[in-house]
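[1] can't give you the sequence, but here's the structure:
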């Protein structure tokens, strides 16, 4: 089929329209791609924001749980009487009561002056927020019928005294056996080092 010049003249507007449609279509496709890319970028940004918000909420929840735990622990210490001044007279009375109740043969002890707790006993140091961790070291010597006497004595003390007992060292040896043959003889003897731990408010 042959086209004459006049045929091209008749088709020129159709060709112009076709080219315009092609160009317009390409522009539309490009615009759509730009819109899709911007939407994807916006969606990724929103996802990051949502993730960040979830992270903040989770951290806030953890901090709240940690704070509640600290408050509970503080209340427990207050109820147990660990926070405040030492109650040495009460300690002495409780030792005498437990000795009598358990019919222990012999309990000798010396409680040293109070001071900051040893770094060896508390690696984090004596600082505890607005409080200082204090300790009074007791040197304990006991004559025992059996090892349960020592275990029961320390367990009873922990139940009744207003302090935290930290047993740093205990040595149990056989008793060489002295005294009257007819008397009840101690089979063992124990030597222990025990810290009576309390919290004292820091002085300004």
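    Thanks, I have it. Predicted model only: the values in this text are computed from it and were never measured. Residues are numbered from 1 along each chain as shown.

[2] Residue 165 contacts residue 157, correct?
    Yes. With contacts counted by CB atoms under 8 Å, residue 165 reaches residue 157, the gap being 5.9 Å. In short, each C-beta sits where N, CA and C put it, glycine included.

[3] So between these two, which is more surrounded?
    Using other CB atoms under 10 Å as the criterion, residue 165 and residue 157 rank with residue 157 on top: 19 against 14.

[4] which residues touch the more buried one?
    Counting by CB atoms under 8 Å, 6 or more residues apart in numbering, residue 157 touches 94-95, 98, 165.

[5] Now do stretch 35-53: distance to the chain's middle.
    With CA atoms, centre = their mean, to the nearest Å as the basis, stretch 35-53 stands 37 Å off its chain's centre.

[6] before we move on, what about stretch 192-204?
    20 Å.

[7] Determine the number of other residues adjacent to the residue lying closest to residue 164 once chain neighbours are set aside.
    Counting by CB to CB, 6 or more residues apart in numbering, residue 197 is the residue found nearest to residue 164 once chain neighbours are left out, at 4.2 Å. Look at residue 197: counted by other CB under 10 Å, it has 17 neighbours.

[8] Surely residue 197 touches residue 114?
    No. Contact criterion CB under 8 Å: residue 197 and residue 114 do not qualify, at 10.1 Å.

[9] which residues do those two both contact?
    Contact criterion CB under 8 Å, 6+ apart; residues shared by residue 197 and residue 114: 134-135.

[10] and stretch 160-176, what's its mean pLDDT?
    Looking at stretch 160-176 alone, the average pLDDT works out to 88.

[11] Name the residues of it that are buried.
    The neighbour-count criterion (16 or more other CB atoms under 10 Å) identifies 161-164, 166, 170, 175 as the buried residues of stretch 160-176.

[12] same for the helix or strand containing residue 196, what does it pack against?
    Using DSSP states H and E, residue 196 falls within strand 188-201. For strand 188-201, the elements it packs on are strand 131-144, helix 147-160, strand 164-174, judged by 3 or more CB pairs under 8 Å, 6 or more residues apart in numbering; DSSP states H and E.

[13] so that strand versus strand 164-174, what angle?
    Going by axes from the mean of the first three to the mean of the last three CA atoms, to 10 degrees, strand 188-201 is angled at 170 degrees with respect to strand 164-174.

[14] Tell me the buried residues in strand 188-201?
    Neighbour-count burial for strand 188-201 [16+ other CB under 10 Å]: 188-190, 192, 194-200.

[15] Can you show me the strands along this structure?
    Applying DSSP state E to the chain gives strands spanning 106-111, 115-116, 127-128, 131-144, 164-174, 188-201.
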